[in-house]
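Participant: 3D model of this:
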Amino acid sequence: MRHIALEIAYDGMHYSGWQIQNNAVTVQGVFQDVMYEILKGRPKIKVAGRTDAGVHALGQIVSFKSQCRMTEEQLGYALNSKLPKDIRILRVFEVPVKFHPRYSAQKRWYRYIISNAKVLLPFFKNYTLWVKRGINTLLLNEYCKEIIGTHDFTSFATLQIGDVPLRRVFECDFTRKDDFVILDIIANGFLRKMVRTIVGTFLELEKRNEKPERVSDILQAKNRGEAGKTEFPGGLYLVKVFY
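Facilitator: Reported below is the predicted structural model:
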């Protein structure tokens with residue numbers, strides 16, 4: 001029995017997230033149908049993180065156990081030949097028996113892209129958040145400093161039953177590249193809608209020129225109502241999972 005892992009990229013625009021749902025098209029559902037067709041079986045699939053509806057991935061990781069005799073290259077080619085073009089297998093590799101794409105992960109890297117142009121180019125409307133006004137990235141990065149470290153992120157997430165709200169943020173940084181403002185955030189894990197709520201909250205605070213201490217107040221409140229809105233999912237990308 002082999003334990004096989006896949007690195008997957010997908011455009012989440014036309015999907016209701018990763019996880020299978022009733023009466024909805026999801027990335028996992030499409031991927032599993034193709035995988036079952038090729039492998040002639042139904043292995044249990046484990047995933048690094050369940051991205052929400054409309055969110056994209058450059059480096060999602062899944063794993064499963066199989067007696068498949070194809071080489072890694074053959075399996076990747078076979079899957080890509082059947083998958084729609086908005087889901088691509090980037091890499092196939094074998095992993096130790098105890099490997100789990102979620103629980104073995106040490107860090108996760110998400111990127112959020114804001115289009116900060118006066119006129120939004122139509123090519124970016126489904127893949128960036130458009131903010132027409134000027135953005136003070138220096139102030140945004142002062143806000144970032146307030147969430148570095150281990151904190152209870154209840155105020156910045158949509159919690160589900162059983163969620164532990166403590167997360168450790170290793171890096172959080174906004175950079176400007178031409179007409180784009182890009183957030184890169186790396187943590188040991190993320191709660192549901194956490195990154196998009198951080199973006200929405202920070203933009204609201206920055207627009208009002210609030211002091212960085214306000215971010216700390218929101219964290220300590222442990223109340224979702226204290227934070228800002230959850231921003232557009234199309235601007236969010238799971239970039240990489242670190243093991």
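Participant: Any buried residues in stretch 74-81, and which?
Facilitator: 75-76, 78-79 (16 or more other Cβ atoms under 10 Å). All C-beta spots, glycine's among them, are computed from the backbone N, C-alpha and C.
Participant: And the furthest pair within those residues?
Facilitator: Farthest apart among the buried residues of stretch 74-81 by Cβ to Cβ are Gly76 and Ala78. That separation is 7.3 Å.
Participant: tell me how far the lowest-mean-pLDDT helix or strand in the chain is from the chain's mean position?
Facilitator: Every helix and strand of the chain was ranked by mean pLDDT, DSSP states H and E. The lowest is helix 27-39, at a mean of 94. From the chain centre to the centre of helix 27-39 is a distance of 21 Å (Cα atoms, centre = their mean, to the nearest Å).
Participant: Repeat that for stretch 157-173.
Facilitator: 13 Å.
Participant: The chain - how does it break down into domains?
Facilitator: Listed by automatic domain parsing, the domain ranges of the chain are 2-94, 107-242.
Participant: mind putting those in CSV, distance to Pro101 included?
Facilitator: Output for those, formatted as CSV (distance: least, Cβ to Cβ, whole Å):
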stretch, distance to Pro101
domain 2-94, 4
domain 107-242, 7
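Participant: for Arg196, what are its contacts?
Facilitator: The contact partners of Arg196, taken as Cβ atoms under 8 Å, 6 or more residues apart in numbering, are 112, 230-233, 235-236.
Participant: so can I have CSV of those showing pLDDT?
Facilitator: Compiled in CSV, the contacts of Arg196 are given as follows (pLDDT from 0 to 100):
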residue, pLDDT
Tyr112, 98
Thr230, 97
Glu231, 97
Phe232, 97
Pro233, 97
Gly235, 98
Leu236, 98
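Participant: Which of the residues you listed fall in strands?
Facilitator: Using DSSP state E, the members of those that fall in strands are 112, 236.
Participant: can you give me the strands for this protein?
Facilitator: Using DSSP E, strands in the chain cover 2-10, 46-47, 56-66, 87-94, 107-115, 129-130, 149-152, 166-177, 180-187, 236-242.
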